[in-house]
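Peer 1: only the shape, not the letters, is given here:
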């Protein structure tokens, strides 16, 4: 009964695309991606709706080495029909090499009309082809959210603090907490061999709050050099928080040596070691056992500068579907992912956010997921984590180490110049 309800609603949403008439009977559609169990089982459940509607057979294979395997398969001519990319950078590279097929006409318009900050998602899925012409190759499905600040509602209530709605108010609140004898922030950059990555998220968020999205994009591609004034300013905006001894638990000297997994614990101490912690939607996994979100801890949007008038930008990550071996069935599968039901299946399982404005919010597994998704739906701009899109030697190398140096007291301009030098060295 439930499957028939999904199929009927999806058929209405998709018109002739998803008629339950077995018009794809006998077609085999192969899909490869990074999702393993339990995500793989959820994906299979979603695809089963498409199978019922069309008569096609969909086979999904997940791999923890997907990025390497998809390139091997494409180069050998044995690519799956559809691939699920965890980063748009790899998809863009494959498009340039002629390994992707543009999505059906009208897809870009549909995304603009049905995804919050729709143009952002079109931009993120549009890449140059072999001739240098831009085409839409990717449709995003499942998004992660980074622009969040975590706090203890009880601590805020006891101190009489209000949730800030602008960056100016956030800085003013930080100053007020210091004046009241407290410490506003817990910040930790430690992550073993990946130490420094939490700082790159701060800088990326600050770039989105001080520069238009096209400047952010130019920075990601290095059309805007890393040592440009715009980037140096974003680094220094991070420094307003991380290099202020009064602002950070343990003082600024503890920022680089505190593990990111341990850094939010100060929120739960009594009295609190800190009142706020900026981190992505995954950080509750490192909260003390039994922590209840919405009661013991909660979150708010990491706000934008009112003076900059850049709307409500959001930083995050996500996966996109693209066609690597074209068939009619592959195109229809991508179109099926437009249906709210395709999203709502995963929403009901947890660990899924979507910019689709047509989904039923009641489908979310809990109120926390619903409120996290509201941050995404209220975004005016969405941009992917910049360090994940930069060359590995920069995004997972000099950018990480440079931010550790900066947190330790190095000059922002000198750090930015060093990162740019590392980029120049790989050209």
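Peer 2: Received it, and whenever you're ready, just let me know what you need. Fair warning: this is a prediction, and the values are worked out from it, not measured in the lab. Numbers count the residues shown, from 1 in each chain.
Peer 1: where do the helices sit along the stretch 151-300 of the chain?
Peer 2: Ranges of helices in the stretch 151-300 of the chain, per DSSP state H, counting those that start in this stretch, are 153-159, 167-179, 197-210, 213-221, 229-242.
Peer 1: I'd like to know which of the ones you listed lies nearest to residue 36.
Peer 2: Proximity of the helices of the stretch 151-300 of the chain to residue 36 was assessed by Cβ to Cβ; the nearest stretch is helix 197-210, lying at 22.6 Å. In short, each C-beta sits where N, CA and C put it, glycine included.
Peer 1: how far is the closest one from where the chain is centred?
Peer 2: 13 Å (Cα atoms, centre = their mean, to the nearest Å).
Peer 1: between helix 167-179 and it, find me the angle.
Peer 2: Between the axis of helix 197-210 and that of helix 167-179 there is an angle of 130 degrees, by axes from the mean of the first three to the mean of the last three Cα atoms, to 10 degrees.
Peer 1: sorry, back to before: please identify the most buried of the helices of the stretch 151-300 of the chain.
Peer 2: Ranked by mean neighbour count, the helices of the stretch 151-300 of the chain are led by helix 197-210 with a mean of 24 (mean count of other Cβ atoms under 10 Å).
Peer 1: and that one, average pLDDT?
Peer 2: If you average the pLDDT over helix 197-210, you get 98.
Peer 1: check which helices and strands it sits against.
Peer 2: When contacts are defined as 3 or more Cβ pairs under 8 Å, 6 or more residues apart in numbering; DSSP states H and E, helix 197-210 sits against helix 213-221, helix 229-242, strand 276-278, strand 313-323, strand 381-384, helix 386-389, helix 399-407.
Peer 1: and if we set it to 6 Å?
Peer 2: Here helix 197-210 is seen to pack against helix 229-242, strand 313-323, helix 399-407 when contacts are counted using 3 or more Cβ pairs under 6 Å, 6 or more residues apart in numbering; DSSP states H and E.
Peer 1: helix or strand right after the second one?
Peer 2: The one in question is strand 313-323. Next helix or strand after strand 313-323 toward the C-terminus (DSSP states H and E): helix 328-336.
Peer 1: coming back round to it: can I get the helices of the stretch 151-300 of the chain in TSV with distance to residue 102?
Peer 2: Below are the helices of the stretch 151-300 of the chain laid out as TSV (distance: least, Cβ to Cβ, whole Å):
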stretch	distance to residue 102
helix 153-159	47
helix 167-179	39
helix 197-210	28
helix 213-221	20
helix 229-242	32
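Peer 1: among the ones you listed, which is nearest residue 355?
Peer 2: helix 213-221 (15.0 Å).
Peer 1: off-centre distance for the closest one?
Peer 2: The answer for helix 213-221 is 16 Å, by Cα atoms, centre = their mean.
Peer 1: show me the contact partners of that helix.
Peer 2: Contacting residues not belonging to helix 213-221 are listed as 207-208, 224, 230-231, 381, 383, 386, 389 [Cβ atoms under 6 Å, 6 or more residues apart in numbering].
Peer 1: picking up where we left off before, how about the helices of the stretch 151-300 of the chain, which one is nearest residue 73?
Peer 2: With Cβ to Cβ, the closest approach to residue 73 among the helices of the stretch 151-300 of the chain belongs to helix 213-221: 26.7 Å.
Peer 1: state the mean pLDDT of that closest one.
Peer 2: According to the model, helix 213-221 has a mean pLDDT of 97.
Peer 1: follow-up on the earlier one: of all the contacts of helix 213-221, which comes closest to residue 269?
Peer 2: Checking the contacts of helix 213-221 against residue 269 with Cβ to Cβ, the nearest one is residue 208 at 31.4 Å.
Peer 1: verify the stated contact: the closest one with residue 313.
Peer 2: Yes - using Cβ atoms under 6 Å, residue 208 makes contact with residue 313 at a distance of 3.8 Å.
Peer 1: OK, contacts around residue 317?
Peer 2: Contacts of residue 317 by Cβ under 6 Å, 6+ apart are 144, 385.
Peer 1: please report how far it lies from residue 201.
Peer 2: 10 Å (Cβ to Cβ, to the nearest Å).
Peer 1: same thing with residue 145?
Peer 2: With Cβ to Cβ as the criterion, residue 145 and residue 201 are 11 Å apart.
Peer 1: and residue 405, by the same measure?
Peer 2: 17 Å.
Peer 1: check residue 139 too.
Peer 2: 25 Å.
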